[in-house]
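> Show me how the following folds:
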Amino acid sequence: MKSAMGYTDGKKVVVGMSGGVDSSVAAWLLKEQGYQVTGVTMRLWQEKKGDAAESAAGSDDADCNLTAAEDAARVAEAIGIPHYVMDFEEEFKCHVVDYFVEEYLQGRTPNPCIACNRYVKWEALLKRSRAMGADYIATGHYARVDRLPNGRFAIRCSVTGQKDQTYALYRLTQEQLAHTLMPVGEYEKCRIRAIAQEAKLPVAHKPDSQEICFIPDQDYASFIDRQAGDRVPGTGNFVDSSGNVLGRHKGITHYTIGQRRGLELAMGERIYVTDIRQNTDEVVLGRNEDIFVEEVFCDNICFMAIEDLKEPLRVFAKIRYNHKGEYCRIEKAVGGKMRVIFEKPVRAATPGQSVCFYDGEYVLGGGIITSFGR
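Prediction:
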């Protein structure tokens with residue numbers, strides 16, 4: 001049996017199994033394709049109740065990790081593959097949780113899933129898997145991996161646009177992509193559910209997770225308060241674009257650009273957060289039209305389908321996971337940054353979030369938004 005990555009006979013693959021239907025079907029598909037499959041559930045950091053400095057080991061919040069491992073183990077048994085639980089708490093705390101908190105303290109809005117994919121679900125897992133003798137790692141992401149005519153590996157959009165997860169994968173390296181399989185990307189979500197039922201996998205009807213895994217109640221500000229302690233910025237002023245004071249806010253970690261709810265400020269019209277000024281602890285408010293921008297600058301640039309940008313290029317770009325995208329021109333700027341000029345204004349471009357560039361179906365690369373221009 002042969003796949004796009006080569007012959008499967010004798011090839012060993014470690015599948016990151018979260019206990020959900022997508023990664024479970026990924027393991028089943030690879031087993032059916034002839035790979036030697038091992039399932040691994042990653043034990044990630046969870047906040048311990050009453051002690052923000054420790055992980056979930058031995059705490060009530062460990063239920064999330066425990067349930068995932070139990071569900072994955074039941075799937076592995078049904079498929080007939082070995083299954084292990086590996087501890088990645090230290091890597092997750094360093095590269096995801098600490099990063100998440102630091103970004104909010106600086107007035108930015110991070111995407112922890114992108115950091116997790118790059119440094120935990122790929123870098124850390126691949127290192128351990130290769131040490132176990134595995135040729136590949138695999139996940140249940142809705143994306144595909146292809147090798148392009150120029151010899152580089154690139155993420156390709158999944159068959160199903162509704163579940164496409166390529167935006168969160170643009171920071172993967174060539175080495176990581178060379179050892180990655182993503183079988184779920186070839187299917188529609190409804191077909192994945194059907195496969196799980198046909199294979200009689202015990203998680204066939206398990207609902208998808210929609211939350212940030214390490215903040216179950218989704219109260220980001222309270223989580224940051226507990227983690228950062230006395231480093232959390234205090235209250236400050238709501239201001240308009242001219243600097244006129246409109247009221248007082250609870251602290252910049254409570255807000256993100258484009259936010260309308262939770263402002264607790266009566267203005268007689270709908271108002272939105274249009275900017276966060278970390279150096280003065282000011283949260284700028286304005287109308288909906290004030291949120292639209294025509295250009296952004298980004299840093300921490302990662303290229304995937306190409307090695308580097310040699311001249312300005314017209315591409316398609318997304319500024320957040322659920323953004324429909326817009327065409328733009330990208331060009332190098334001073335200080336190693338990238339300038340992105342959109343053909344149509346985009347709404348709520350947010351420092352800390354990523355902008356992902358596409359060339360057709362393929363991820364060209366991306367970067368982290370640092371500022372925007374109107």
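> Distance of the residue positioned nearest the centre of the chain relative to residue 141?
Central residue of the chain (CA atoms, centre = their mean): residue 113, 2.7 Å from the mean position. Applying CB to CB, to the nearest Å, the value for residue 113 to residue 141 is 10 Å. To be clear about C-beta, it is placed using only N, CA and C from the backbone, and glycine gets the same treatment.
> Surely residue 365 touches residue 306?
Yes. Counting by CB atoms under 8 Å, residue 365 touches residue 306, with 7.1 Å between them.
> Can you pick out the residue with more neighbours from these two?
Each of residue 365 and residue 306 has its neighbours counted (other CB atoms under 10 Å); residue 365 has more, 24 against 17.
> For the residue nearest to the centre of the chain, which non-adjacent residue is closest in space?
residue 168 (4.9 Å; CB to CB, 6 or more residues apart in numbering).
> can you pull the contacts of that neighbour?
Taking CB atoms under 8 Å, 6 or more residues apart in numbering, we find residue 168 in contact with 111, 113, 114, 117, 141, 321.
> Which one of those residues is nearest to residue 281?
Using CB to CB, residue 111 comes nearest to residue 281 of those, at 23.4 Å.
> Please name the residues that touch the closest one.
Residue 111 touches 168, 320, 321, 352, 353, 354, counting by CB under 8 Å, 6+ apart.
> hang on, the last one in a strand?
Okay, so that is residue 354. Yes. Residue state for residue 354 (DSSP: H, G, I helix; E, B strand; the rest coil) corresponds to a strand.
> From the structure, what's the count of residues near it?
Residue 354: 25 neighbours (other CB under 10 Å).
> Across the sheet, point out what pairs with it.
residue 368 (DSSP bridges).
> Make sure it is actually in contact with residue 366.
Yes. At 5.4 Å, residue 354 counts as touching residue 366 under the criterion of CB under 8 Å.
> Find residues that contact each of these two.
170, 298.
> Max pairwise distance over the contacts of residue 111: which two?
It's 168 and 352 that sit farthest apart of the contacts of residue 111, by CB to CB, at 14.4 Å.
> per-residue confidence for the closest residue to residue 231 other than its chain neighbours?
Using CB to CB, 6+ apart and skipping residues adjacent in sequence, the residue nearest residue 231 is residue 105, 6.3 Å away. The model reports residue 105 with a pLDDT of 96.
> can you check residue 47 too?
87.
> so how far is residue 74 from it?
Applying CB to CB to residue 47 and residue 74 gives a distance of 26 Å.
> Of these two, which one has the most company?
The neighbour comparison of residue 47 against residue 74 (other CB under 10 Å) goes to residue 47, with 21 against 16.
> Just to check, that one is in contact with residue 224?
No. When contacts are counted by CB under 8 Å, residue 47 is not listed as touching residue 224 (11.2 Å).
> I'd like the contacts of residue 168 written out as a markdown table, with pLDDT, secondary structure and distance to residue 252 added.
Compiled in a markdown table, the contacts of residue 168 are given as follows (pLDDT from 0 to 100; DSSP: H, G, I helix; E, B strand; the rest coil; distance: CB to CB, whole Å):
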| residue | pLDDT | secondary structure | distance to residue 252 |
| --- | --- | --- | --- |
| 111 | 96 | coil | 18 |
| 113 | 95 | helix | 22 |
| 114 | 97 | helix | 22 |
| 117 | 97 | helix | 27 |
| 141 | 97 | coil | 32 |
| 321 | 93 | coil | 23 |
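> want to try a markdown table for those, with distance to residue 332 as columns?
Listed next are the contacts of residue 168 as a markdown table, based on distance: CB to CB, whole Å:
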| residue | distance to residue 332 |
| --- | --- |
| 111 | 23 |
| 113 | 27 |
| 114 | 22 |
| 117 | 26 |
| 141 | 30 |
| 321 | 26 |
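> Widest-spaced pair of those?
Farthest pair in the contacts of residue 168 (CB to CB) is 111 and 141. Separation: 14.8 Å.
> Need the contact partners of stretch 277-286.
So stretch 277-286 is contacted by 106-108, 233-241, 243, 246, 249, 251-252, 255, 263, 265, 267, 271-276 (CB under 8 Å, 6+ apart).
> Show the buried residues in the residues you listed.
Taking 16 or more other CB atoms under 10 Å as the criterion, what is buried in the contacts of stretch 277-286 is 106-108, 233, 236-239, 246, 249, 251-252, 255, 263, 271-276.
> How about the secondary structure of the closest residue to residue 186 other than its chain neighbours?
Nearest residue to residue 186, sequence neighbours excluded (CB to CB, 6+ apart): residue 159, at 5.8 Å. Following three-state DSSP, the label given to residue 159 is coil.
> wouldn't residue 159 be in contact with residue 184 here?
No. Applying CB under 8 Å as the test, residue 159 and residue 184 come out as separate, 9.4 Å apart.
> Looking at those two, which is more packed in?
residue 184 (29 against 17).
> Distance of that one relative to residue 41?
On the measure of CB to CB, residue 184 and residue 41 end up 17 Å apart.
> Got phi/psi on the residue nearest to residue 113?
For residue 168, the backbone dihedrals (degrees, to the nearest 10) come out as phi -80, psi 0.
> so what strands line up beside the helix or strand containing residue 339?
Counting by DSSP states H and E, the secondary-structure element that holds residue 339 is strand 338-347. Partners of strand 338-347 in the sheet, by DSSP bridges, are strand 292-303 (antiparallel), strand 326-332 (antiparallel).
> Can you tell me which of those is most buried?
strand 292-303 (a mean of 19; mean count of other CB atoms under 10 Å).
> in the stretch 51-200 of the chain, which spans are helices?
63-79, 89-92, 98-105, 112-116, 125-131, 174-178, 189-198 (DSSP state H, counting those that start in this stretch).
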